[in-house]
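The sequence isn't on hand, but the structure is:
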């Protein structure tokens, strides 16, 4: 038996010749082209008017008549369990709003928020 030690480089342990992200070989010297001045202004204007899904829900809930689960699902394209999770986790626990639920006879349940509770 011979005690021949063979040295292996880290690259020899990899299978295939695909370079890893971050290897010197994969770094590109090309930089992304800067957006045109007109496009940059459009992007800034779009960012200012962008309304997030949680903001949409809070706006719906702050209306005097409130919003139903179905209304909130349509506004956000979320599933029912996601809307309910947002109401319990974000609206009640994180933001501290009082969530009021009401249901008129032969109508759907509607939710609305009142002013913040004291912390």
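That came through, no problem. Remember, it's a predicted structure, so these values are computed and weren't measured experimentally. Numbers count the residues shown, from 1 in each chain.

Which residue is the nearest non-sequential neighbour of residue 75?
Spatial nearest neighbour of residue 75, chain neighbours left out: residue 56 (4.8 Å); criterion: C-beta to C-beta, 6 or more residues apart in numbering. From N, CA and C alone the C-beta is placed, and that goes for glycine too.

Just the element for the one you found, please.
Per DSSP states H and E, residue 56 falls inside helix 53-61.

Mind giving me the packing neighbours of that helix?
For helix 53-61, the packing partners by 3 or more C-beta pairs under 8 Å, 6 or more residues apart in numbering; DSSP states H and E come out as strand 67-68, helix 69-76, strand 110-116.

what do you get if the cut-off is 6 Å, keeping everything else the same?
helix 69-76 (3 or more C-beta pairs under 6 Å, 6 or more residues apart in numbering; DSSP states H and E).

got a list of contacts for the following helix or strand past the helix it packs on?
Sequence-wise, the next helix or strand downstream of helix 69-76 (DSSP H and E) is helix 80-85. For helix 80-85, the external contacting residues (C-beta atoms under 6 Å, 6 or more residues apart in numbering) are 69, 72, 73.

Now do the helix holding residue 56 against helix 69-76, angle only.
140 degrees (axes from the mean of the first three to the mean of the last three C-alpha atoms, to 10 degrees).

how about the nearest residue to residue 112 once chain neighbours are set aside, what does it touch?
Among residues not flanking residue 112 along the chain, residue 66 sits closest, at 3.1 Å (C-beta to C-beta, 6+ apart). Shown in contact with residue 66 (C-beta under 6 Å, 6+ apart): 110, 111, 112.

Now for the last one: which residues touch it?
Contacts here follow C-beta under 6 Å, 6+ apart; on that basis residue 112 touches 61, 66, 100.

any idea how far it lies from residue 56?
As judged by C-beta to C-beta, to the nearest Å, residue 112 and residue 56 stand 15 Å apart.

picking up where we left off before, ok, the contacts of helix 80-85 vs residue 93, which is closest?
residue 72 (17.4 Å; C-beta to C-beta).
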